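Enquirer: only geometry, no sequence info:
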Ligand code: AMP
Ligand code: MG
């Protein structure tokens, strides 16, 4: 899975990353989906222990172009996981009040507590992506933000947060198909946003902005993973497996019960 991780200091070029790649799990859609069930099970168990131990904090950041699959990844990767202890925070266009503070103000509040997994559906990275592409602030202002973001994420990591960041990488051809699907399938129509067509015109600017994000903010304490995301099953498998592998490394333990078990059983039996 390491092949999709951006190493600190590495200078990647997004054109070297094929959104259709499926080299780590060379499966077909059917077997890929089946394999995800195993990942779901593993994640379910790990999350249960994580919650019980009440020690680690897990932050998962999802970024992608429109239709990139952030919602689908959350739905499929976390299928079966106990909703208690998992939370999704979605970041939309900032409100007036949010805009009158610094851009991290609205973010910090949503970071995970002990025992919790929090998934960011968009994040503070919008403040160096959409904000940059649409020139919502002076370049001098967004340019400084990479440093703030690294420091902010280091603070979270130092205080016990494990951070994983996924860029769900699709191409324009795939986006066109997904936009069409949203219009053609009645159940999906609510997701169609005419503004996505306007945003699509800025594709190259976004790719440039994403490249900077990936090159400047993939750190030891908060790495980026570039997920080939044209195939939904592959995207889910890569993200899910990366999360599971990361949680396994934390050596999460169910808290030990230090009391005299038999003594308590005897007591309860006399009730
Ligand atoms: P969606 O995720 O499709 O519901 O769309 C949310 C919209 O909010 C996207 O168009 C984002 O670009 C936009 N958005 C999120 N964060 C910011 C931000 N900090 N500044 C401006 N727009 C933002
Ligand atoms: Mg949208």
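Expert: Arrived safely, thanks for sending. Worth saying up front: this structure is predicted, and the values here are computed from it rather than measured. Numbers count the residues shown, from 1 in each chain. Ligands and ions are numbered 1, 2, ... in the order given.

Enquirer: please count neighbours and contacts with C-alpha atoms only from this point.
Expert: Noted.

Enquirer: all helices of the stretch 1-150 of the chain, in order?
Expert: In the stretch 1-150 of the chain, the helices defined using DSSP state H, counting those that start in this stretch lie at 29-53, 70-77, 96-99, 105-108, 130-133, 139-143, 145-158.

Enquirer: so which of those helices is nearest ligand 1?
Expert: Of all the helices of the stretch 1-150 of the chain, helix 130-133 sits nearest to ligand 1, with 5.3 Å by CA to the nearest ligand atom.

Enquirer: pull up the residues of the stretch 51-200 of the chain that are close to ligand 1.
Expert: 91-94, 126-127, 130-131 (CA under 6 Å from any ligand atom).

Enquirer: now render the helices of the stretch 1-150 of the chain as a markdown table, adding mean neighbour count and mean pLDDT.
Expert: Formatted as a markdown table, the helices of the stretch 1-150 of the chain follow (neighbours: other CA atoms under 10 Å; pLDDT from 0 to 100):
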| stretch | mean neighbour count | mean pLDDT |
| --- | --- | --- |
| helix 29-53 | 18 | 97 |
| helix 70-77 | 17 | 98 |
| helix 96-99 | 10 | 98 |
| helix 105-108 | 15 | 98 |
| helix 130-133 | 18 | 98 |
| helix 139-143 | 13 | 98 |
| helix 145-158 | 16 | 98 |
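
Enquirer: residue 265 is nearest to which of the ones you listed?
Expert: Shortest distance between residue 265 and those, using CA to CA, is found for helix 29-53: 21.5 Å.

Enquirer: tell me how far residue 149 lies from residue 264.
Expert: From residue 149 across to residue 264, the span is 50 Å (CA to CA, to the nearest Å).

Enquirer: out of the residues of the stretch 51-200 of the chain next to ligand 1, which end up buried?
Expert: 126-127, 130-131 (16 or more other CA atoms under 10 Å).

Enquirer: so who does residue 182 touch?
Expert: Counting by CA atoms under 8 Å, 6 or more residues apart in numbering, residue 182 touches 188-192.

Enquirer: tell me which element residue 206 is part of?
Expert: Assessed by DSSP states H and E, residue 206 sits inside helix 203-216.

Enquirer: next, the buried residues of that helix.
Expert: So for helix 203-216, counting by 16+ other CA under 10 Å, buried means 205-207, 209-216.

Enquirer: which of these sits closest to ligand 1?
Expert: Checking the buried residues of helix 203-216 one by one against ligand 1 (CA to the nearest ligand atom), the nearest turns out to be residue 206, at 10.7 Å.

Enquirer: distance of that closest one from residue 267?
Expert: Look at residue 206 and residue 267: by CA to CA, they are 65 Å apart.

Enquirer: where do the strands sit along the stretch 151-271 of the chain?
Expert: Assigned strands in the stretch 151-271 of the chain, in chain order: 161-169, 224-228 (criterion: DSSP state E, counting those that start in this stretch).

Enquirer: on that earlier part again, and the contacts of residue 182, which is closest to ligand 1?
Expert: Nearest to ligand 1 among the contacts of residue 182, with distances taken as CA to the nearest ligand atom, is residue 191, at 8.1 Å.

Enquirer: farthest-separated two in the buried residues of helix 203-216?
Expert: So, these by CA to CA: farthest apart are 205 and 216, at 16.6 Å.

Enquirer: hang on, the earlier thing: would you turn the buried residues of helix 203-216 into a markdown table with distance to ligand 1 and pLDDT?
Expert: What follows is the buried residues of helix 203-216, written out as a markdown table (distance: CA to the nearest ligand atom, whole Å; pLDDT from 0 to 100):
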| residue | distance to ligand 1 | pLDDT |
| --- | --- | --- |
| 205 | 13 | 98 |
| 206 | 11 | 98 |
| 207 | 14 | 98 |
| 209 | 13 | 98 |
| 210 | 13 | 98 |
| 211 | 17 | 98 |
| 212 | 17 | 98 |
| 213 | 15 | 98 |
| 214 | 17 | 98 |
| 215 | 20 | 98 |
| 216 | 18 | 98 |
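
Enquirer: mind checking the end-to-end distance for stretch 210-221?
Expert: End-to-end distance for stretch 210-221: 19 Å, by CA to CA.

Enquirer: residues in contact with it?
Expert: For stretch 210-221, contacts defined as CA under 8 Å, 6+ apart pick out 6-14, 125, 128-129, 146, 149-150, 153-154, 157, 162-163, 223-224.
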